[in-house]
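# structure of the sequence below:
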Amino acid sequence: MSRIGKLPVVVPAGVTIELKEGNQLTVKGPKGTLSRKLSTDMNIAQEDGQLVITRPNDKKVNKAMHGLTRTLINNMVVGVTEGYSKRLEINGTGYRAAKSGNKLTLNLGYSHPVEMTDPEGVESVVEGNNKIVISGIDKEKVGQYAANIREKRPPEPYKGKGIKYETERIRRKAGKAGKK
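Alright, predicted model coming up:
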């Protein structure tokens, strides 16, 4: 049995879950609404404030989908109650970020500023000149937008310049060896 898949998903007060045919799940909460089509092989049952996910048999595909389905549902429930956020740091001389409306403008040492538009359901906030906070209710969208921003100038190992996650550690390398 899947260690993650067998755990029930606790549905907190204020969250409504609607399960339609074909495992189309809609989760409504105080922060918004999320909808997702889940694997039709999984059996999802709502029992006294909890969602229980079971698999029909022990085929390899169903074993893999069991834990995934439970995690996707849990991420939706957490998203509509608490939301998700990622924090990015910009390091480097002259590197900075600015926000106007839903456009994020990044100056990253290129000959031109890099402009990015916030996707629907995701919001970015610039703190100071070099910190970006991305938040939203969909974990997948928040993580993907953060990865897209980081991709514009990933941190390099010699001076540590670039965009990195706040918790990320950059493995530094020694520079050129001097003459003896």
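
# pretty sure K99 is touching E127, no?
No: counting by Cβ atoms under 8 Å, E127 is not a contact partner of K99; they are 9.9 Å apart. Placement of C-beta: from N, CA and C, glycine included.

# between these two, who's got more neighbours?
Comparing K99 with E127 by other Cβ atoms under 10 Å, the one with more neighbours is K99, at 15 against 12.

# what about the strands in this protein?
Under the criterion DSSP state E, the chain contains strands at 9-10, 16-20, 24-29, 32-37, 43-47, 50-54, 84-91, 96-100, 103-107, 114-117, 122-127, 131-136, 162-165.

# pull the residues that contact whichever helix in the chain runs longest.
Assignment by DSSP state H gives helix 60-81 as the longest helix of the chain. Helix 60-81 is contacted from outside by 2-5, 7, 9-12, 14-15, 17, 25, 27-34, 36, 38-39, 41-42, 44, 51, 53-56, 84, 136-140, using Cβ atoms under 8 Å, 6 or more residues apart in numbering.

# tell me the buried residues in it?
Residues 62, 65-81 are the ones in helix 60-81 that count as buried (16 or more other Cβ atoms under 10 Å).

# for the residue at minimal distance from the centre of the chain, which non-adjacent residue is closest in space?
The structure's the chain has its C-alpha centroid closest to G143; by Cα atoms, centre = their mean the separation is 2.9 Å. With sequence-adjacent residues excluded and distances taken as Cβ to Cβ, 6 or more residues apart in numbering, G143 is closest to K86, at 6.5 Å.

# what's the burial count for the one you found?
When neighbours are counted by other Cβ under 10 Å, K86 registers 23.

# my guess is it contacts I149, does it?
No: K86 is beyond contact range of I149, at 9.1 Å (criterion: Cβ under 8 Å).

# got any residues that touch both of these two?
I134.

# got the contact list for the residue nearest to G143?
K86 makes contacts with 133-135, 142-143, 146, 165, as judged by Cβ under 8 Å, 6+ apart.

# repeat for V15
Contacts for V15 (Cβ under 8 Å, 6+ apart) come out as 27-29, 77, 80-81.

# so where's the chain shaky on pLDDT?
For the chain, the stretches with pLDDT under 70 are 1, 178, 180.

# how about a cut-off of 90?
1-6, 21-23, 39, 46-49, 58, 63-64, 129, 160, 174-180 (pLDDT under 90).

# give the closest residue to E82 in space, chain neighbours not counted.
Nearest to E82 is K31, by Cβ to Cβ, 6+ apart, at 7.7 Å.

# that neighbour touches I137, doesn't it?
Yes: with contact defined as Cβ under 8 Å, K31 reaches I137; the gap is 5.1 Å.

# the more surrounded of the two?
Between K31 and I137, I137 has the larger neighbour count (other Cβ under 10 Å), namely 23 against 14.
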